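In: no letters, just coordinates:
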């Protein structure tokens, strides 16, 4: 039984690029962390160290900077699509790849109540993400976000779950529900207004998290995904990874105090981890 | 020559407390990470393991939760002052200590344009800090913040510095200036409106960073501190630790492209590190 | 077009369990970080918040502790298999799942040259990993490691790669090669001496990294995988993720100094990222 | 009341330098993360942005690389002393500063039972540290380590502590004691065999941690410091920061199981934090 090369990809990870558009006094900044990985015919490279077909990871990095200068960035998804088309177009033996980005938001600093032209402060806590994959001639595009940390101080119950020998958890009809949302939404085609979708999905995720009376984090997750798909016709699915960031009510009775849902211990580990995809049928 | 116990303190670190005020439909949340450390007569404890005078770190943790329930939190500084007074008051042999907190901000989620009563999203990127120290009967209080990440895309020069054999840095009259501000401001007395000071100092730091035409990060730092002290009479000093988060212009000439201050590489390490205190004389 | 629940799993992540075997004066410690996630019929849970079939993540955590007490741990892979069999056996509607662990190594502290009975120091830098997945009645088992950081100060070349407009990288016949190995090896069946395999694979990975004259990190990776499969008949594949931790020769010429491969800058980002699976045919 | 510049220092942080000594087939590698900060007359720099006296942080970085090439590294302490002498000697207005380093250990990879000439694996978990400070013509040198993680599975008691209203902690005569040691030892003079001291202190810390029957982590800490000072005459003090990494016995009674000191939950936060200096009198 012989040994062979299986699935593989290689490239440059975490290329930090900041682009300033300065053709007007009011500058615009775009701030990305880009990873480019190529797939294709790299068997000789692995088996014998023959680098003839290797597009060096350093070259991939340079290409990111060069294409950003020549064509701009626009949106993370659009920029990754440009990279994907460049690499699969320029090199016959590159049949596909994976291009990913994080995009960091900046707000204008207010000076005397007016947004400043060229001074910025890092915005929010979440990070926007984007992903383009090409395989067998098919291009898929996804947008997303990570580290969107949300909390409800009431409006969350958890009861009626299965009980067995190892079950000690008490049922509750009022708990804190907190999570850090990681979400990825897949576009039906590589043509979309990615920035508009991002803004709309982010708002919808927050609103549905807030407005849903929760019987389980799973139910909240599903409601969030369903609402996004109902509104965003260009999307085929939304995937979530949502840790249940437990807040435990502290027992103050030993100190002669009650604790009517007021004082909580925010735990680090372990945490519940709820992962699911909500998708269109067919 | 004999051996002795020198400076020492002990306690519980990173007690994560979330307090929900729910006496009205519109909940309020306070979210802190509190560290309590005691100083005093603990020589026997160290030399022989005699725990008679030890207020267990577990007891310190419980006290944090208990006092939050009995008296509320209010502001990080006020809560730490309460802890300090409790521990130095309740135990004769505790002569002082150090109490520190991080406070995490939450914004209300907007639903249908209205801020929600009990659903929140983690705000901003910076973290508010507070510190109370008691030594020899003297109490000092400081507020602060960390991870306030700011950037100017122009309005920053750096030239005229000393040159020697090891100097290769080119002079520039236009560079990106970026930093992550850590600042600590000291109060003249333990009586102040800590929340109002926090809001005012944060705004002033951002405004002065934005509005100062920078010839050196040191100059920007000093201007920020000077403006804060000029405005906030209750403060005696402001200390800063500000990394110079370098953004290097990418050389695109090998690709036949110019780069008129548009495409930058955001570097991780090494980084400049500028640290200084701005203080009132006398 | 309607909306439905797609792939999903849920459970408790990062359950930190330390087990002391103390039936003899010479204690043995096992230190794991375990994640348990269940898959099955959880549609009602997501759509309506019906928790009838939910094995609470808290129950999963308790089960980890309970089964460790009843049956011991043994090896990470064996313990995860026990969890998998428990959850898929005890609950009709749980059709599969994913169980993962990190295992932390401890060495005995030497006192007077003798290994101590019950005092330990955290060993090495790498972390052992294990993964068990059950789907459609099929159980797969994998062992692995992460953060095995290795470096060669010579014996590594990189030249002959493709050159295009964006290529500026110089060819070299002597560079530092450094990486942090993440490897996962898949067992043909759930029956194996997992600990022996771990020890043998770890040794082989190190030896082949050291002994291979490298023309590309891809070639080194492949040689490592091939050697493991050649030796370990119970394995069907080895997957690697290996960042190329770049060490750049510092240009000392401006200071009147040469640099014959002596002084390097160890960079953080960006880094090359080489990922591949080496597998048996058929 | 006017405003002035208080304490300040600036420089380059986290300069990652790897030095290969290759004058023989058996290479030697030294791997450091160096921070250099200068103190002196920098008032004009802060007040007006006058950079005339500024030794750029980029120049400080270059100097680190240049001096390593010219004079080698030797030990972290010796290298920092060289930097300190260079900067305070070359620039009249630099009156002092702070130079710090982390040093990363590498072991030779064994191939066929023999240590390899030029292939290495990152060693251990702890990191060696060094610190040199110059102020008012006085030079102080310290060595140290961080992240030395140790655990005793028995031989640790904790009882007899003060009890008050907030005390719920049970007394115990057998618990797990675990900590991550950060230690800093100060040399009486800048002349010492720093490497030999490091090896001896590290061994002594481990041995005393293991051999001391512990009644409190404070007592273990003191015993460790006392033993180091008793043995190492060139040292004047040892400072420790030692988190009490709590391991809680899991209550298995609800599952019909006992737990005679076998199954523990390793908690993250909060943690006890014990800090003290052990020093010579006079």
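Out: In hand now; what should we look at? Predicted model only: the values in this text are computed from it and were never measured.
In: for chain A, longest helix please?
Out: Residue-count comparison of every helix in chain A, with assignments taken from DSSP state H, identifies helix A:194-211 as the longest.
In: is that one anywhere near chain B?
Out: Yes. Under the criterion of CB under 8 Å from any CB of the partner chain, helix A:194-211 makes contact with chain B via A:206, A:207, A:209, A:210, A:211. The way it works is simple: take the backbone N, C-alpha and C, and place the C-beta from them, glycine included.
In: list the buried residues in that helix.
Out: The neighbour-count check on helix A:194-211 (16 or more other CB atoms under 10 Å in any protein chain shown) flags A:194-195, A:197-198, A:201-202, A:204-210 as buried.
In: and of those residues, the nearest to chain D?
Out: The shortest distance between chain D and any of the buried residues of helix A:194-211, using CB to the nearest CB, involves residue A:209 and amounts to 25.6 Å.
In: for residue A:9, which non-adjacent residue is closest in space?
Out: Leaving aside its chain neighbours, residue A:9 sits nearest to residue A:37 (4.2 Å; criterion: CB to CB, 6 or more residues apart in numbering or on different chains).
In: tell me how many other residues crowd that neighbour.
Out: Neighbour count for residue A:37, taken as other CB atoms under 10 Å in any protein chain shown: 22.
In: I'd guessed it sits against residue C:275; true?
Out: Yes. Residue A:37 is in contact with residue C:275 according to CB atoms under 8 Å; the separation is 7.4 Å.
In: what's the overlap in contacts for those two?
Out: Counting by CB atoms under 8 Å, 6 or more residues apart in numbering or on different chains, the contacts common to residue A:37 and residue C:275 are A:9, A:10.
In: residue A:262 reaches residue B:22, doesn't it?
Out: Yes. Between residue A:262 and residue B:22 a contact is recorded at 6.8 Å, counting by CB under 8 Å.
In: run a quick neighbour tally on residue A:109.
Out: Residue crowding around residue A:109 was assessed by other CB under 10 Å; the count is 24.
In: list the residues that contact it.
Out: Listed by CB under 8 Å, 6+ apart, the contact set of residue A:109 reads A:115, A:116, A:119, A:120, A:121, B:150, B:206, B:207, B:209, B:210.
In: now it: how far from chain C?
Out: For residue A:109, the distance to chain C equals 27 Å [CB to the nearest CB, to the nearest Å].
In: for the one residue in the stretch 101-250 of chain A that gets nearest to chain C, what are its contacts?
Out: Closest approach of the stretch 101-250 of chain A to chain C (CB to the nearest CB) occurs at residue A:215, with a separation of 2.8 Å. Under the criterion of CB under 8 Å, 6+ apart, the contact list for residue A:215 reads A:157, A:158, C:48, C:49, C:50, C:51.
In: do you know the pLDDT at it?
Out: If you check residue A:215, the pLDDT there is 98.
In: what about residue A:278, helix or strand, and which?
Out: Using DSSP states H and E, residue A:278 falls within strand A:271-280.
In: does any part of that strand sit near chain C?
Out: Yes. In this structure, strand A:271-280 sits against chain C according to CB under 8 Å from any CB; the contacting residues are A:271, A:272, A:273, A:274, A:275, A:276, A:277, A:278, A:279, A:280.
In: can you check stretch A:159-177 too?
Out: Yes. Legend: contact between stretch A:159-177 and chain C by CB under 8 Å from any CB is shown at A:159, A:160, A:161, A:162, A:163, A:164, A:165, A:166, A:167, A:168, A:169.
In: just give the closest residue to the second one, not the sequence neighbours.
Out: Going back to what we said before, that points to residue A:160. Setting aside the residues directly before and after it, residue A:160 is nearest to residue C:51 in space (CB to CB, 6+ apart), at 4.5 Å.
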